[in-house]
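A.B. asks: what follows is a predicted structure for the sequence shown.
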Amino acid sequence: MNIDLTTSLGSLQLSAPTLTASGCAAAGKELAQFGDVSTLGAVVTKSIMMAPRSGRATPRMAETPSGMLNSIGLQGPGIESFLENDLAWLRANNVTTIVSIAGNNVDEFGELARILSKVEGVDGLEVNISCPNVESRGQVFACNPYSAAQVIETVRSVWHSDAPVLAKLSPDVTDIVEIAQSVVEAGVDGVSMINTLLGMVIDVDHMKPMLGGRTGGLSGPAIRPVAVRAIYQVHAALPHLPILGMGGIRTGHDALEFIAAGASAVSIGTVVFGDPGAPWRIANELGQELESRGYNSLSEVVGLAHHN
Ligand code: SIN
């Protein structure tokens, strides 16, 4: 195959177009038995918080038609352990790393960014302002343009690294373009979209919500058309804004839809639970999809669906 699959997200050059999606491959180490993690576009880590966190009550997952609901609640080891164990492993293995961060409030986002801007091995920052599994909807900062901008302004004010800052957006809004515009004005270098959609499954034998946290985030192929639509809208309004696309990608054909809608690279999430080699497989398939259509490079197809 002679297709150039290299791409970029702002200042970050990527040797491959497929990345892991935050939350679906921990901090990359778990995938190492299935492929060379350093050959992925990047590992996007599970969102890290300041303190260790046990997450929400169980059960935390439910299968849905063409999808999955998760209600993890940002379980994680906290920033200190992350730096010592996870980031150290990623660095030692030459993995391009985008660290996802989540805070309980604006100040925590700022503190995490301040810490991470001083350490080696952080190639990008994904600011997760859109986790649906939080105590109050007020903590879904990405559902309000003012709150979203506040987080990004705070992160930006302490981010002294050249690595790009991406804001992860929620599809659970009336106008995702308005949110994208507000984070751009606040200083992001790009956006990741989309996070999961808020959903619920009821266990009718016990007449109660299936998940311990009651609601959860819907992912998988069921949300793919929503993601493609959202990316298309944001690229139409902000054509120069780098977009990392995600939402139910299972094949190279799916990935190509995201690229044509305006994404420069894609994150592979839910499919990894059943097929851990998917990020490598999908990159290969994407190359074949491009080649069979007569293209020479991925970059010539970014946003192409806007011109036809
Ligand atoms: C979670 O940990 O609950 C999921 C995080 C997210 O969807 O942003």
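C.D. replies: Received, thanks. Quantities reported herein were computed from a predicted structural model and do not represent experimental measurements.
A.B. asks: show me what contacts the closest residue to residue 113 other than its chain neighbours?
C.D. replies: Leaving out its chain neighbours, the residue that sits closest to residue 113 by Cβ to Cβ, 6 or more residues apart in numbering is residue 155, at 4.2 Å. Yep, even glycine has a C-beta here, placed from its N, CA and C like the rest. Residues in contact with residue 155 (Cβ atoms under 8 Å, 6 or more residues apart in numbering) are 109, 110, 113, 125, 127, 165.
A.B. asks: closest to the ligand out of these?
C.D. replies: residue 127 (11.0 Å; Cβ to the nearest ligand atom).
A.B. asks: can you pull the contacts of residue 127?
C.D. replies: Applying Cβ under 8 Å, 6+ apart, the residues near residue 127 are 100, 101, 109, 113, 151, 152, 155, 165, 166, 167, 168, 188.
A.B. asks: pairing partners for the helix or strand where it lies, with directions?
C.D. replies: Residue 127 is part of strand 124-128, with elements assigned from DSSP states H and E. Take DSSP bridges as the rule and strand 124-128 pairs in its sheet with strand 97-101 (parallel), strand 165-168 (parallel).
A.B. asks: the ligand: which of those strands is closest?
C.D. replies: Comparing the strands paired with strand 124-128 by Cβ to the nearest ligand atom, strand 165-168 comes nearest, at 7.0 Å.
A.B. asks: can you tell me if the closest one touches the ligand.
C.D. replies: No - with Cβ under 6 Å from any ligand atom as the criterion, the ligand is not reached by strand 165-168; the gap is at least 7.0 Å.
A.B. asks: strands of the stretch 1-150 of the chain, start to end?
C.D. replies: Along the stretch 1-150 of the chain, counting by DSSP state E, counting those that start in this stretch, strands occupy 7-9, 12-14, 18-20, 43-44, 61-64, 67-70, 97-101, 124-128.
A.B. asks: hey, which of those strands is tucked in deepest?
C.D. replies: strand 43-44 (a mean of 30; mean count of other Cβ atoms under 10 Å).
A.B. asks: off-centre distance for that strand?
C.D. replies: Strand 43-44 sits 8 Å away from the centroid of its parent chain (Cα atoms, centre = their mean, to the nearest Å).
A.B. asks: can you name every helix or strand that that strand contacts?
C.D. replies: Packing contacts for strand 43-44, counted by 3 or more Cβ pairs under 8 Å, 6 or more residues apart in numbering; DSSP states H and E, involve strand 18-20, strand 97-101.
A.B. asks: please name the residues that touch the closest residue in space to residue 200 that isn't next to it in sequence.
C.D. replies: For residue 200, ignoring the flanking residues on the chain, the nearest one in space by Cβ to Cβ, 6+ apart is residue 215 at 5.1 Å. By Cβ under 8 Å, 6+ apart, the contact list for residue 215 reads 71, 132, 133, 198, 199, 200, 209.
A.B. asks: just the residues you listed that are near the ligand?
C.D. replies: Okay, of the contacts of residue 215 touching the ligand (Cβ under 6 Å from any ligand atom), that's residue 133.
A.B. asks: with pLDDT added, can I get the contacts of residue 215 in TSV?
C.D. replies: Shown next, in TSV, are those (pLDDT from 0 to 100):
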residue	pLDDT
71	97
132	94
133	92
198	97
199	97
200	98
209	98
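A.B. asks: where exactly do the strands run in the stretch 201-308 of the chain?
C.D. replies: 202-203, 208-209, 216-219, 243-245, 265-268.
A.B. asks: using JSON lines, lay out these together with distance to residue 299.
C.D. replies: Formatted as JSON lines, the strands of the stretch 201-308 of the chain follow (distance: least, Cβ to Cβ, whole Å):
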{"stretch": "strand 202-203", "distance to residue 299": "46"}
{"stretch": "strand 208-209", "distance to residue 299": "45"}
{"stretch": "strand 216-219", "distance to residue 299": "27"}
{"stretch": "strand 243-245", "distance to residue 299": "13"}
{"stretch": "strand 265-268", "distance to residue 299": "11"}
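A.B. asks: columns mean neighbour count and distance to residue 78 on top of those strands, output as CSV?
C.D. replies: Below are these laid out as CSV (neighbours: other Cβ atoms under 10 Å; distance: least, Cβ to Cβ, whole Å):
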stretch, mean neighbour count, distance to residue 78
strand 202-203, 12, 33
strand 208-209, 14, 29
strand 216-219, 27, 22
strand 243-245, 28, 25
strand 265-268, 29, 23
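A.B. asks: how about whichever residue of the stretch 151-300 of the chain sits closest to the ligand: what's its closest non-neighbour residue?
C.D. replies: Per Cβ to the nearest ligand atom, residue 217 is where the stretch 151-300 of the chain lies closest to the ligand, at 4.6 Å. Of all residues not flanking residue 217 in the chain, residue 196 sits nearest, at 2.8 Å (Cβ to Cβ, 6+ apart).
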